[in-house]
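Engineer: Fold the following and give me the result.
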Amino acid sequence: PPLPWDSDPQPEPPGPLCCLGGDLPSRKFPFLQEIKAFLSGVDPVHGNKLTIKEHARCAILLLRSLPPARSAVLDHLRNVFDEYVCTYLLELESSEGGLGARRAQGPNLDDVVQEIQNVLSEFVRMNPKAWAPVVSAWSIDLMGQLSSKYAGRHGVPHASSLNELLQLWMSCKATRTLMDIYTQCLSSMISTCPDACVDALLDTSVQHSPHFDWVVAHIGSSFPNTIISRVLSCGLKDFCVHGAAPVDLLFPTAADKRVPKIASVVGILGHLASRHSDSIKQELLRMFHESLGPVRDQQQKATVPFLLQLAVMSPMLLGTISSELVESLKPSVLSQLHQHFAALPREDLENMVSIVVHLICQTSAGAYRILQFLVNTAMPASVITTPGLAVHDSVREACDRIIQLLLLNLQKLVYNRGSASLGDAPPRAVPFLDELKGHVRELCVETLRLERKRFLWQHQLLGLLSVYCTPSCATDALFYLLTLARNQEELGLATQLYAVLSSCMSDLLPATLFHNLALIVQWEGEGPASMSAQLGAVLSLHLYDLGQLLLHRNPEVAEAASLLLSVCPLPRAIRPAHLLVIIRSAVHQFFLVLHRQCPTGISYSTRLLSRLSGASSAAMKAILQQLVEGALHPGNAELFGGLAEPPAGDDASLEGTRISLLDINRRFTTAVNFSGSVWSVFHAGVIGRGLKPPQPARRQEPEEIVHNVQNFLSLLLRCCRGGRYGAPEPLAHTAAVNPEAAKAVAVVLVENICPDVTNSELGWPPEEHTRSTVERDIQICRRFRDNPLLFQLLRLVAAGPPALCYCSVLLRGLLATLMAHWEASRHSDTTSSPWHLHASCALVACMAEGSLLPPVLGNMHEIFHQLAPFEVHLLLLSVWDCMRDNSPLPQKFTFQADKGLFFRDFSRDCDVGKYLCVLHSVLHKNIDRLGLLSGRFQT
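Structural biologist: This next block holds a predicted model:
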């Protein structure tokens with residue numbers, strides 16, 4: 001640029017007389033001393049150091065009087081603005097720290113900053129061509145330095161908070177002055193050549209982004225059209241200078257290093273896109289169409305690669321221009337593009353096509369329109385094509401190749417996504433396919449036209465879309481192809497699509513079909529002629545066949561079948577054999593979904609079993625039996641906090657071992673194993689093989705165990721109520737559980753825990769009888785210890801008296817084992833045996849709830865945790881005596897028709913007071929701790 005003194009006469013300097021400000025007395029010294037004072041920062045007369053204001057005014061004097069000192073003066077004035085900003089931020093910190101309005105220590109530079117603005121504004125106004133590029137570059141670079149330097153200071157907002165950051169810096173006089181200076185420079189150069197000012201903006205944005213974004217946002221909002229056009233122009237020039245190869249467009253990071261300003265261009269346009277997207281779109285389209293003109297310079301040749309680079313780096317710009325660009329690609333424009341790229345080497349053309357395919361995959365807005373354009377353009381020419389609308393054969397071949405590469409790239413993206421685990425990132429999205437999800441019907445309609453290449457491309461795209469958006473798009477595509485097909489050839493497209501999908505999607509049709517049928521059945525139609533009523537009547541005739549699907553190997557199919565059966569109306573009469581098969585399958589499905597922790601599957605299975613239990617009394621008992629047996633099975637015990645199934649390796653260790661049954665019989669012919677006799681052996685291991693291996697630790701989380709127990713007991717209660725799914729809670733005067741259902745559960749418990757005991761053993765023997773049932777009692781106690789669910793099941797049985805009477809053998813065995821433990825215990829308190837304490841409390845509470853104990857005795861478990869072991873043994877012994885004298889027989893219960901439940905009157909059967917002597921003695925001994933509870937143990 002021309003020097004200032006060559007372009008326009010400068011203002012006449014004031015001569016050797018200079019006043020350095022109001023703070024110094026007026027004095028005169030030669031002009032050379034002014035230069036020495038500026039360079040040394042020392043007053044040449046008095047020898048003292050100049051203040052910031054004095055030094056700044058000396059610099060302003062040199063800027064007016066000595067133009068060659070311009071660079072040094074502007075560099076020095078950076079310190080003035082830096083000092084001002086530092087003082088300004090210190091004032092903000094002091095005010096936030098509760099120091100009031102006291103100013104931070106530092107000079108007041110407002111008047112000096114104003115003088116600098118006046119001088120520079122005057123220079124720009126008098127000679128903008130010479131001064132505007134220099135001053136704009138200086139001001140914009142200084143704003144970038146200040147923004148980056150103080151970005152981490154307390155009180156300065158983060159770069160992401162653009163509005164707060166802009167408000168902070170625009171309230172500072174120094175940075176506001178710099179902004180005004182740059183704005184004046186840009187305004188003075190708009191009509192001539194603003195590229196120098198915009199180029200400085202780009203350079204600074206490259207160095208100081210993102211702290212510099214507030215400057216870009218403010219200037220862009222002040223001069224949107226100018227900034228958009230000139231930023232793109234400067235970015236294109238820089239792109240041409242650095243000569244980025246097209247291969248770099250697939251790697252924006254590498255291209256950013258070779259073309260440093262391209263990232264700044266993307267960032268600036270990104271800031272302006274929220275309010276000026278139309279202007280950006282029009283400018284991009286203008287650059288594209290002008291680059292195809294007849295005059296071909298270097299910048300015009302690089303325009304299309306430059307625009308592709310912007311689209312790769314900014315999805316926002318790609319979405320802004322994609323739909324409008326496709327609409328503008330008329331046959332004439334396509335011919336110009338063909339001529340534009342015809343001279344490029346083959347390798348560059350391949351790279352360009354790869355970039356276009358990559359951008360199409362990342363395009364969401366107008367994806368269906370882009371697909372239509374590519375397919376229509378790639379279709380072979382027809383004899384009825386309107387003259388002037390036909391495209392060149394090379395253009396058609398290029399579109400054909402783009403479609404093939406697009407389908408290949410989409411296939412890689414779809415089949416390489418995989419299924420993300422909890423620790424992995426979610427699968428990468430494909431915006432092009434995401435947009436096409438809403439156009440499945442249009443794609444099916446066009447595919448069924450069977451137009452040469454078109455239907456092959458679109459059929460392949462339907463397969464990719466179905467796999468990508470499974471299962472919704474897959475079912476929609478198959479539905480439309482099946483319903484819209486009019487002949488055998490068109491119907492074959494549906495079978496071909498299903499063949500493609502079945503290789504990667506197992507059993508696509510059954511699961512979705514059953515879900516949809518269940519939805520239709522649940523619709524509330526009007527009258528018997530509605531579709532839901534007719535469909536439900538037809539499905540009820542095939543309950544047995546649908547029940548077989550509950551055991552399907554595909555979990556989705558099994559869950560869908562469970563849902564369909566749960567909403568399908570049950571027939572008035574169903575064969576017992578078929579009903580039993582459905583019940584077994586439904587129970588098996590229930591435990592499978594519990595293992596998978598599938599909430600929807602649990603809900604469907606619960607609803608199905610609840611409905612089946614209402615079919616008949618036999619169905620209810622069968623369901624209860626299957627559920628209880630399944631819950632106590634070793635393979636399912638872990639779901640409810642029990643011990644897992646022992647590993648199968650024990651049996652494998654016996655393979656190859658020679659075992660002679662004859663030797664075993666000879667060895668034990670005289671030793672008959674009578675249960676409870678001296679021949680009973682409690683194995684802790686096998687001689688020669690060591691102890692038994694320890695039981696594996698429970699793998700279920702406590703929250704999962706509680707959730708499983710709640711689901712299981714909730715299902716049992718619903719089945720005990722005869723399948724009244726969602727029925728209200730029973731009233732206080734009615735039985736919570738149907739006595740017959742509770743009896744069925746009790747019988748199953750006894751059969752599973754003690755298979756060798758009959759239901760006739762309901763009487764309660766004397767205490768001495770326990771010596772002959774030690775082995776059985778220990779086995780019962782071990783089962784309760786290994787499976788905590790048994791106590792919950794006992795409580796359920798107790799809720800339907802007199803069903804607990806049928807669990808007499810279990811109660812006896814458990815009580816005898818607990819009595820033996822507390823008698824042998826030498827601990828000072830019962831809390832040293834937590835499981836036995838819990839079992840004792842649960843057992844007494846359950847017997848009281850089942851009306852086997854008087855209410856006073858049933859409350860004694862409330863004080864077990866505060867007693868010594870021998871005291872608990874004495875109390876349990878009194879419970880045993882009470883049960884021995886008052887055997888748990890169902891005949892002792894009377895049915896009250898008005899309340900609908902069985903009731904036992906202990907005042908008529910026995911004298912409760914004689915069983916409370918031990919309890920009262922224990923209370924008297926521990927009167928200091930248990931005195932407040934004595935009222936609960938009075939008859």
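
Engineer: Pull the number of nearby residues for residue 450.
Structural biologist: Residues near residue 450, counting by other C-beta atoms under 10 Å, number 14. Where you see a C-beta, it was placed from the backbone N, CA and C, and this is true even at glycine.

Engineer: would you say it is within a helix?
Structural biologist: No: counting by DSSP: H, G, I helix; E, B strand; the rest coil, residue 450 is not part of a helix but coil.

Engineer: Would you indicate which residues of the longest helix along the chain are buried?
Structural biologist: Longest helix of the chain, by residue count under DSSP state H: helix 261-291. For helix 261-291, a neighbour-count test (16 or more other C-beta atoms under 10 Å) marks 261-273, 276-277, 279-285, 287-288, 291 as buried.

Engineer: Could you name the helices and strands sitting against it?
Structural biologist: Helices and strands touching helix 261-291, as assessed by 3 or more C-beta pairs under 8 Å, 6 or more residues apart in numbering; DSSP states H and E, comprise helix 195-208, helix 213-222, helix 224-242, helix 252-258, helix 298-313, helix 315-328.

Engineer: Just give me how far stretch 174-181 sits from the chain centre.
Structural biologist: 46 Å (C-alpha atoms, centre = their mean, to the nearest Å).

Engineer: Run through who's touching it.
Structural biologist: By C-beta atoms under 8 Å, 6 or more residues apart in numbering, the residues outside stretch 174-181 that reach it are 81, 84-85, 88, 109, 113-114, 116-117, 120-121, 124, 135-136, 139-140, 142-143, 146, 169-170, 215, 218-219.

Engineer: at 7 Å what do you get?
Structural biologist: With C-beta atoms under 7 Å, 6 or more residues apart in numbering as the test, stretch 174-181 has contacts from 81, 84-85, 88, 113, 117, 120-121, 135, 139, 142-143, 146, 169-170, 218.

Engineer: model confidence over it, on average?
Structural biologist: Averaging pLDDT along stretch 174-181 yields 89.

Engineer: CA atoms only for that stretch - export them in PDB, please.
Structural biologist: Extracted C-alpha coordinates of stretch 174-181, given in PDB (Å, rounded to 0.1, in the frame of the first residue of the first chain):
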ATOM      1  CA  ALA A 174     -10.900  -0.200  25.500                       C
ATOM      2  CA  THR A 175     -12.300  -3.200  23.500                       C
ATOM      3  CA  ARG A 176     -15.400  -1.200  22.500                       C
ATOM      4  CA  THR A 177     -13.100   1.500  21.100                       C
ATOM      5  CA  LEU A 178     -11.100  -1.100  19.100                       C
ATOM      6  CA  MET A 179     -14.400  -2.500  17.800                       C
ATOM      7  CA  ASP A 180     -15.500   1.000  16.700                       C
ATOM      8  CA  ILE A 181     -12.100   1.600  15.000                       C
END
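
Engineer: Could you give me the buried positions within that stretch?
Structural biologist: Across stretch 174-181, burial judged by 16+ other C-beta under 10 Å covers 174, 175, 177, 178, 179, 181.

Engineer: which one among those gets closest to residue 632?
Structural biologist: Nearest to residue 632 among the buried residues of stretch 174-181: residue 175, at 77.6 Å, using C-beta to C-beta.

Engineer: and that closest one, how far is that from residue 52?
Structural biologist: Distance, residue 175 to residue 52, by C-beta to C-beta, to the nearest Å: 18 Å.

Engineer: And for residue 129, the neighbour number?
Structural biologist: Neighbours around residue 129, by other C-beta under 10 Å: 16.

Engineer: Leaving out chain neighbours, which residue sits closest to residue 515?
Structural biologist: Among residues not flanking residue 515 along the chain, residue 560 sits closest, at 5.0 Å (C-beta to C-beta, 6 or more residues apart in numbering).

Engineer: and that neighbour, how many neighbours does it have?
Structural biologist: For residue 560, the tally of surrounding residues (other C-beta under 10 Å) stands at 25.

Engineer: Please, which helix or strand holds it?
Structural biologist: Remark: residue 560 resides in helix 555-567, with elements defined by DSSP states H and E.

Engineer: Distance from that helix to the middle of the chain?
Structural biologist: Centroid separation for helix 555-567 versus its chain: 26 Å, with C-alpha atoms, centre = their mean.

Engineer: elements contacting that helix?
Structural biologist: Packing partners of helix 555-567 (3 or more C-beta pairs under 7 Å, 6 or more residues apart in numbering; DSSP states H and E): helix 508-522, helix 543-548, helix 576-596, helix 599-613.

Engineer: Output that helix as CSV, nothing but the C-alphas.
Structural biologist: The C-alpha trace of helix 555-567 is given here as CSV (Å, rounded to 0.1, in the frame of the first residue of the first chain):
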residue,chain,number,x,y,z
PRO,A,555,-37.5,-64.2,22.6
GLU,A,556,-39.3,-61.5,20.7
VAL,A,557,-41.7,-64.0,19.1
ALA,A,558,-42.3,-65.6,22.5
GLU,A,559,-43.1,-62.2,24.1
ALA,A,560,-45.4,-61.3,21.2
ALA,A,561,-47.2,-64.6,21.5
SER,A,562,-47.6,-64.0,25.3
LEU,A,563,-49.0,-60.5,24.6
LEU,A,564,-51.5,-61.9,22.0
LEU,A,565,-52.7,-64.7,24.3
SER,A,566,-53.1,-62.3,27.2
VAL,A,567,-55.6,-60.1,25.3
